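A.B. asks: need the 3D shape of this:
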Amino acid sequence: MTHRDAGRRLTRAVARRLRPSGPPRQLDEPSLHLPDMDQVTEASVAHAVLNEQARTLSDILRRRLSVGWEPDLGLRNVESAAKLAAPHLGWTPEETAAEIADFIDETTTEFSVRTS
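C.D. replies: You can find the predicted model right below:
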């Protein structure tokens, strides 16, 4: 389930219990639909960092692109995502390696995943 799906479900649950205070209206402009936004691409990673304030690989892979919820929990995409995010976040090669290690450590600790 994505955040968007959870929001839709919550909206439907509230709508069943409350009456609207006025006519339906659009709250804001629809988000720009970009192809492959749930894949690790240069455009999707840049969008996550520059437009959605993603700051860590977990932010990018799990909270913005959702590839962190695939069966491998994002482990096969972590290096490519890090290389794409590094220039936007100002990471040095050492910081990039540390971010990759942090993501792998978080994944193995939080989800009991073996990486070997």
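
A.B. asks: helix or strand for Asn51, which one?
C.D. replies: Asn51 is located in helix 42-52, with elements delineated by DSSP states H and E.

A.B. asks: tell me the buried residues in that helix?
C.D. replies: Buried residues in helix 42-52, counted by 16 or more other Cβ atoms under 10 Å: 44-45, 47-49. The way it works is simple: take the backbone N, C-alpha and C, and place the C-beta from them, glycine included.

A.B. asks: how far does that helix sit from its chain's centre?
C.D. replies: 10 Å (Cα atoms, centre = their mean, to the nearest Å).

A.B. asks: and that helix, what other elements does it pack with?
C.D. replies: Where contact means 3 or more Cβ pairs under 8 Å, 6 or more residues apart in numbering; DSSP states H and E, helix 42-52 is packed against helix 78-89.

A.B. asks: how far does the following helix or strand past the helix it packs on sit from its chain's centre?
C.D. replies: Reading on from helix 78-89 to the C-terminus, the next helix or strand found by DSSP H and E is helix 93-111. Distance, stretch centre to chain centre, for helix 93-111: 16 Å (Cα atoms, centre = their mean).

A.B. asks: same thing with stretch 107-116?
C.D. replies: For stretch 107-116, the distance to the chain centre is 19 Å (Cα atoms, centre = their mean).

A.B. asks: and the contacts of it?
C.D. replies: Defining contact as Cβ atoms under 8 Å, 6 or more residues apart in numbering, one finds that stretch 107-116 is touched by 73-75, 104.

A.B. asks: adding secondary structure, write the residues you listed out as TSV.
C.D. replies: As requested, the contacts of stretch 107-116 are exported to TSV (DSSP: H, G, I helix; E, B strand; the rest coil):
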residue	secondary structure
Leu73	coil
Gly74	coil
Leu75	coil
Ile104	helix
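
A.B. asks: let me have the residues you listed in a markdown table, extended by pLDDT and distance to Ala82.
C.D. replies: Rendered in a markdown table, the data for the contacts of stretch 107-116 read as follows (pLDDT from 0 to 100; distance: Cβ to Cβ, whole Å):
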| residue | pLDDT | distance to Ala82 |
| --- | --- | --- |
| Leu73 | 94 | 15 |
| Gly74 | 94 | 11 |
| Leu75 | 95 | 12 |
| Ile104 | 96 | 11 |
